[in-house]
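give me the fold of what follows.
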Amino acid sequence: MRLHVAFHPSLLLTGALDPAPVDRPQVCVVVDVLRASTSLVTLVERGADGVYIAPSVAVARARKGELPRVVMAGEEGGLAPEGFDYGNSPVELAAAEIRGRPVIFVTTNGTAAIRAVAGLGPVLIGAMRNGAAAAAEAFRLARAAGSDVTLVCAGREGGFGLDDAYCAGYLTSRLLEHGPFDLTDGAEAALLLYRSEPDTLAVFLRAAAGRNIVRLGLQADVSYCARRDCSSVVPTVGRELRLVEETVPGERRQ
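Modelled structure (predicted):
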């Protein structure tokens with residue numbers, strides 16, 4: 001099995017000596033550790049009755065009336081959009097009253113990454129908090145199907161994100177505990193990054209995403225996201241997570 005880390009969804013091509021088509025079936029693990037993937041793990045832990053991944057804040061608002069007792073959560077510019085119940089703060093969501101209620105969720109980078117790879121095969125959500133569980137599930141699915149595993153980093157502003165790359169390195173280390181993989185350069189790089197610094201919180205506080213969260217006064221979120229293997233929940237598209245259609249009700253397709 002091949003194990004690839006794409007540092008952004010646009011980098012699904014492995015750059016390997018033996019190339020494979022970008023649209024080949026594969027198990028994808030989406031990582032937006034600060035904070036969307038951690039928030040999704042938390043939402044599922046809190047008993048949300050389905051998390052609906054929206055393509056934009058506008059579509060999320062338009063769909064609000066279609067789900068009874070719906071909770072709106074997510075971020076725009078790092079903070080909760082106007083009219084949303086919660087932001088993209090996993091600390092806030094960990095105390096939220098959402099059991100048995102559907103959640104519409106949208107963020108700048110994480111939900112876009114989920115939607116970008118939704119057609120390639122199983123899509124799981126990975127973070128530091130569920131790293132061991134996510135790796136075990138990805139390995140199980142890949143071995144059963146004879147497919148590859150790709151860790152897809154959401155990145156930041158269309159580019160590389162230190163926090164996601166570090167988390168992908170951690171997930172790579174966990175996957176290697178289950179069996180041998182043919183590592184691409186992306187996987188090798190992520191693994192080297194992870195092994196270079198044992199202090200996850202220190203890395204996250206140095207990353208641009210972490211510094212922005214601190215600037216917003218939400219440093220507790222960074223600490224929460226840095227904890228390892230404290231959750232067995234692995235949110236999966238088609239199971240706990242569902243994709244909201246792109247079109248707004250009443251909007252014409254062009």
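
ok, the nearest residue to Gly169 once chain neighbours are set aside to Pro25 distance?
Nearest non-adjacent residue to Gly169, counting by Cβ to Cβ, 6 or more residues apart in numbering: Tyr194, 2.7 Å away. For the C-beta atoms, the positions are set from N, CA and C on the backbone; glycine is no exception. Remark: distance between Tyr194 and Pro25 (Cβ to Cβ, to the nearest Å) = 27 Å.

who has more neighbours out of the two?
Taking other Cβ atoms under 10 Å, Tyr194 and Pro25 do not tie; Tyr194 has more neighbours (20 against 13).

what about dumping the CA coordinates of the host helix or strand of Leu205 to PDB?
Leu205 belongs to helix 200-206 when elements are defined using DSSP states H and E. Extracted in PDB, the C-alpha atoms of helix 200-206 (Å, rounded to 0.1, in the frame of the first residue of the first chain):
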ATOM      1  CA  THR A 200       2.900  19.300  19.800                       C
ATOM      2  CA  LEU A 201       1.700  22.400  21.600                       C
ATOM      3  CA  ALA A 202       5.000  24.200  20.900                       C
ATOM      4  CA  VAL A 203       4.600  23.500  17.100                       C
ATOM      5  CA  PHE A 204       1.000  24.500  17.100                       C
ATOM      6  CA  LEU A 205       1.800  27.800  18.800                       C
ATOM      7  CA  ARG A 206       4.500  28.600  16.200                       C
END
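
any idea how far Leu11 lies from Ala135?
21 Å.

who has more neighbours, these two?
Of the pair Leu11 and Ala135, Ala135 is the one with more neighbours under other Cβ under 10 Å, namely 26 against 18.

let's verify the more buried one: helix, strand, or coil?
Classification of Ala135 using DSSP: H, G, I helix; E, B strand; the rest coil returns helix.

can you tell me the closest non-neighbouring residue to it?
Arg174 (3.5 Å).

count the residues that sit near the one you found.
Count around Arg174 with other Cβ under 10 Å applied: 20.

for the helix or strand hosting it, the distance to its chain's centre please.
Under the criterion of DSSP H and E, Arg174 resides in helix 162-176. The chain centroid and the centroid of helix 162-176 are separated by 12 Å, computed with Cα atoms, centre = their mean, to the nearest Å.

for stretch 132-146, same thing?
Distance of stretch 132-146 from its chain centroid, counting by Cα atoms, centre = their mean, is 16 Å.

stretch 192-208 too?
On Cα atoms, centre = their mean, the centre of stretch 192-208 falls 18 Å from the chain's centre.

give the buried residues for that stretch.
Leu193, Tyr194, Thr200, Val203, Phe204, Leu205, Ala207 (16 or more other Cβ atoms under 10 Å).

so what touches stretch 191-207?
33-34, 128, 161-163, 165-166, 168-170, 172-173, 183, 210-211, 214, 222-223, 225-226, 228 (Cβ atoms under 8 Å, 6 or more residues apart in numbering).

per-residue pLDDT, the residue nearest to Gly169?
With respect to pLDDT, Tyr194 has a value of 98.

what are the boundaries of the strands in the stretch 101-250 of the chain?
According to DSSP state E, counting those that start in this stretch, the stretch 101-250 of the chain carries its strands in the segments 103-106, 123-126, 148-153, 182-183, 241-243.

partners of the fourth one, with directions?
Counting by DSSP bridges, the strands paired with strand 182-183 are strand 2-6 (parallel).

now the following helix or strand past the partner strand and helix 162-176, what's the angle there?
Following strand 2-6 in sequence order, the next helix or strand is strand 26-31 (DSSP H and E). Strand 26-31 and helix 162-176 are oriented at 140 degrees to each other (axes from the mean of the first three to the mean of the last three Cα atoms, to 10 degrees).

what's the helix or strand following strand 26-31 in contact with?
Later in the chain than strand 26-31, the nearest helix or strand by DSSP H and E is helix 36-45. Identification of contacts with helix 36-45 by Cβ under 8 Å, 6+ apart yields 30-31, 51, 73, 88-90, 93-94, 98, 103, 105, 107, 109-111, 125-130, 154, 224-225, 231, 233-235, 240-241.

lovely, talk soon.
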